[in-house]
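Student: no FASTA, just this:
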């Protein structure tokens, strides 16, 4: 199978893989280098608030500032594993 | 008005010193009085590449500290009257590059020279930042290789935010891409990023493409800027880049694989 595949489906050149990878990593790095200084702080505070209600760890939140057309887009992604809600009713009334 | 050109890259080993030497010599050959300064304090090599390592008495740091005056430290090139080398210290470290001191020395150099070429150290630390801080133009030396392209992108960002021009809201540093160690045969086989790919990714204007060439090592072995080797494709490519920098239109050479020439293969040099 591998032999036939290599015969009929030319392998992608390593240069084009390099180009693709660079475009992706640089798009990400350029966006984060333009990010305002408050983003890490805001991410921390958001995490603290969410953690009162949901079991969450530090790597489950991502805050990015991007552009979509002529509007800036603040994107907050919070991943909740299996929707683990904290027990004990309204946590907001009894902050840790 | 004197112009300050920084030769920088972020990544090490891509050809900053080779380029600084060749570019400064090329500007001198075109009739412009030029000095090339080594900003790589503690790891000086410009003196070796320029072939004046045994003539160094005083250096950049001595002048910054007022231990010597500028004309005691400047070394006049023996091949060309317009060309001067300003070596740095091999024993001190980058912290010796005090910004006020460098500023004072640069102002003094501007009185004497048309072009001041600054050979930056690798990295994005104090030495590299000081080298690019005073720049009017920048030559971003890049190899067609992922880590070099990424580091170039980073240094372009730093030029736009940390240079004096950026701090003062003056017109931005004029940045140019110089692609070095280019191998058109490998590009044709899809093994190496093509010049248009790098240009597209970094989106800055292209100043020149320097082909991978045996003559570059030969030049540094003998302490001769590669532009003085008339048979060298790299030397000719550097002279083209200098001409473009001075505003001339020149077609890009050495970007397509060379046809095999039986006579050159038998008798010629690369």
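Tutor: Looks like it arrived, so ask away. Please read these numbers as outputs of a predicted model, since none were measured by experiment.
Student: dump the residue contacts of the nearest residue to residue B:213 once chain neighbours are set aside.
Tutor: Nearest non-adjacent residue to residue B:213, counting by CB to CB, 6 or more residues apart in numbering or on different chains: residue B:234, 4.0 Å away. Just so you know, the C-beta spots here come from the backbone N, C-alpha and C atoms, and that holds for glycine as well. Listed by CB atoms under 8 Å, 6 or more residues apart in numbering or on different chains, the contact set of residue B:234 reads B:22, B:210, B:211, B:213, B:215, B:216, B:219, B:226.
Student: Please tell me which one of the residues you listed counts the most neighbours.
Tutor: Among the contacts of residue B:234, the one with the most neighbours (other CB atoms under 10 Å in any protein chain shown) is residue B:22, at 33 neighbours.
Student: remind me, longest helix of chain A?
Tutor: helix A:14-33 (DSSP state H).
Student: so what does that one touch, helix or strand wise?
Tutor: Helix A:14-33 is packed against strand A:61-68, helix B:146-162, helix B:195-202, with contacts defined by 3 or more CB pairs under 8 Å, 6 or more residues apart in numbering or on different chains; DSSP states H and E.
Student: one step back: pLDDT value on the residue nearest to residue B:213, please?
Tutor: Predicted confidence (pLDDT) for residue B:234: 97.
Student: Could you give the residue of chain A that lies closest to chain B?
Tutor: For chain A, the residue positioned closest to chain B under CB to the nearest CB is residue A:13, at a distance of 2.7 Å.
Student: Please identify the residues of chain A in proximity to chain B?
Tutor: A:13-16, A:18-19, A:21-23, A:25-26, A:29-30, A:33 (CB under 8 Å from any CB of the partner chain).
Student: So which of the residues you listed is the closest to residue B:168?
Tutor: Minimum separation from residue B:168 among the residues of chain A next to chain B (CB to CB) is found for residue A:33, which lies at 20.9 Å.
Student: Not counting its neighbours along the chain, what's nearest residue B:53?
Tutor: The shortest distance from residue B:53 to any non-neighbouring residue, by CB to CB, 6+ apart, is to residue B:47 (4.3 Å).
Student: List the contacts of that neighbour.
Tutor: Shown in contact with residue B:47 (CB under 8 Å, 6+ apart): B:38, B:53, B:55, B:56, B:75, B:85, B:87.
Student: From those residues, keep the buried residues only.
Tutor: B:38, B:53, B:56, B:75, B:85, B:87 (16 or more other CB atoms under 10 Å in any protein chain shown).
Student: Among those residues, which one lies nearest to residue B:157?
Tutor: Among the buried ones among the contacts of residue B:47, and counting by CB to CB, the member closest to residue B:157 is residue B:38, at 24.6 Å.
Student: Could I get the phi/psi values of the closest one?
Tutor: phi -90, psi 110 (degrees, to the nearest 10).
Student: Relative to chain A, how far out is it?
Tutor: Distance, residue B:38 to chain A, by CB to the nearest CB, to the nearest Å: 29 Å.
Student: One more: residue B:176?
Tutor: Applying CB to the nearest CB, the value for residue B:176 to chain A is 19 Å.
Student: Can you give me every residue that contacts residue B:95?
Tutor: Going by CB under 8 Å, 6+ apart, residue B:95 touches residue B:126.
Student: does it count as helix, strand or coil?
Tutor: With DSSP: H, G, I helix; E, B strand; the rest coil as the basis, residue B:95 sits in helix.
Student: what residue is smack in the middle of chain A?
Tutor: residue A:62 (4.5 Å; CA atoms, centre = their mean).
Student: Burial check on the nearest residue to it once chain neighbours are set aside, number of neighbours?
Tutor: Distances taken as CB to CB, 6+ apart place residue A:77 nearest to residue A:62, at 4.4 Å, with adjacent residues excluded. By the criterion of other CB under 10 Å, residue A:77 has 9 neighbours.
Student: Secondary structure element holding the closest residue to residue B:242 other than its chain neighbours?
Tutor: Leaving out its chain neighbours, the residue that sits closest to residue B:242 by CB to CB, 6+ apart is residue B:26, at 3.5 Å. Per DSSP states H and E, residue B:26 falls inside helix B:16-29.
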